[in-house]
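Trainee: pasting a predicted model and its sequence here:
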Amino acid sequence: MGMNSREENKEITYTEAELKMGEIVDSKYKFHLPVNTDKLWEIGKTMCSAVGYYSRKVLAKDCVIVVLESDGYPIVCIELSEDLKFLIQAKILNNGKPTGFEKHLVLEWMKKHNIESKTTDL
């Protein structure tokens, strides 16, 4: 299948370090890692973004996608470098930039995990 079509669903495996990127903030907010490529497509559809097309990059370990959810609904989609040291982008609905409390949560999460920003999204 070509890059413009959805491919077969594949499980995304994570290293121990990658799994540590997921965490529960409180009863409403959590950071999590998508379990498979279908979940990436679902997040992209919900957030009106192209994150589903990142499936190959994620499976090849060229980047890591982390999602901030509010009550189970994706509100910020985060792309990290393969070494987990840099935040490449952080997008909200329609590829907007996080503001307010969502931005605060992402910045606190980055600080906790020693992640440096390589974007103007925050």
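Mentor: Thanks, I have it.
Trainee: so who does the nearest residue to Val66 once chain neighbours are set aside touch?
Mentor: Sequence neighbours aside, Ile78 is the residue nearest to Val66 in space, at 4.5 Å (criterion: Cβ to Cβ, 6 or more residues apart in numbering). C-beta coordinates here come from the backbone N, C-alpha and C atoms, glycine included. Each residue near Ile78 by Cβ atoms under 8 Å, 6 or more residues apart in numbering is listed here: Phe31, Ile65, Val66, Val67, Leu68, Leu87, Gln89, Ala90, Val106.
Trainee: and the strands in this structure?
Mentor: Listed in chain order, the strands of the chain (DSSP state E) span residues 23-24, 29-32, 63-70, 73-81, 86-91, 116-117.
Trainee: so how far is the second one off the chain centroid?
Mentor: It refers to strand 29-32. Distance of strand 29-32 from its chain centroid, counting by Cα atoms, centre = their mean, to the nearest Å, is 10 Å.
Trainee: now do stretch 73-92
Mentor: Stretch 73-92 has its C-alpha centroid displaced from the chain centroid by 5 Å (Cα atoms, centre = their mean).
Trainee: and if you look at stretch 45-56?
Mentor: The chain centre lies 10 Å from the centre of stretch 45-56; the measure is Cα atoms, centre = their mean.
Trainee: any chance of the strands of the chain in CSV, with mean pLDDT and distance to Tyr54 too?
Mentor: Conversion of the strands of the chain to CSV gives the following (pLDDT from 0 to 100; distance: least, Cβ to Cβ, whole Å):
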stretch, mean pLDDT, distance to Tyr54
strand 23-24, 96, 21
strand 29-32, 97, 16
strand 63-70, 98, 6
strand 73-81, 98, 7
strand 86-91, 98, 10
strand 116-117, 98, 19
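Trainee: name the residues that touch stretch 106-116?
Mentor: By Cβ under 8 Å, 6+ apart, stretch 106-116 touches 20-21, 23, 25, 31, 68, 76, 78, 80, 84-87, 90, 98, 117, 122.
Trainee: now do the helices in the chain.
Mentor: According to DSSP state H, the chain carries its helices in the segments 16-19, 37-47, 55-59, 100-112.
Trainee: out of these, which comes closest to Glu8?
Mentor: Of all those, it is helix 37-47 that lies closest to Glu8, at 8.0 Å by Cβ to Cβ.
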